[in-house]
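*Asks:* here's a sequence, model it:
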Amino acid sequence: MSQDEPGNSWWRPMIAVTPDADDVLPWIRTLAVASGVLALLVLLFALELVGRL
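*Replies:* Sure thing, here's the model as predicted:
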């Protein structure tokens, strides 16, 4: 398939709207912190349940 065929052009608009890594990094960091807090809360809840046995 050459680059001029229509089947190969569907991803070009996606590349144009893909955000820069510098714009995405704060969101990834925020998601990592949120998932860490959630994991800590689940761990504390599990420890509380085990402690009640």
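*Asks:* other SSEs contacting the helix or strand hosting Leu43?
*Replies:* Element membership for Leu43 (DSSP states H and E) is helix 21-51. In terms of contacts (3 or more CB pairs under 8 Å, 6 or more residues apart in numbering; DSSP states H and E), helix 21-51 is packed against no helix or strand at all. Using the backbone N, CA and C atoms, a C-beta is placed for each residue, glycine as well.
*Asks:* name the helix or strand of this structure that has the lowest mean pLDDT.
*Replies:* helix 12-17 (a mean of 74; mean pLDDT, DSSP states H and E).
*Asks:* what about that helix, distance to the chain center?
*Replies:* Its chain's average C-alpha position is 19 Å from that of helix 12-17, according to CA atoms, centre = their mean, to the nearest Å.
*Asks:* flag every buried residue along it.
*Replies:* Of all the residues in helix 12-17, not one is buried under the rule 16 or more other CB atoms under 10 Å.
*Asks:* understood, closing this out.
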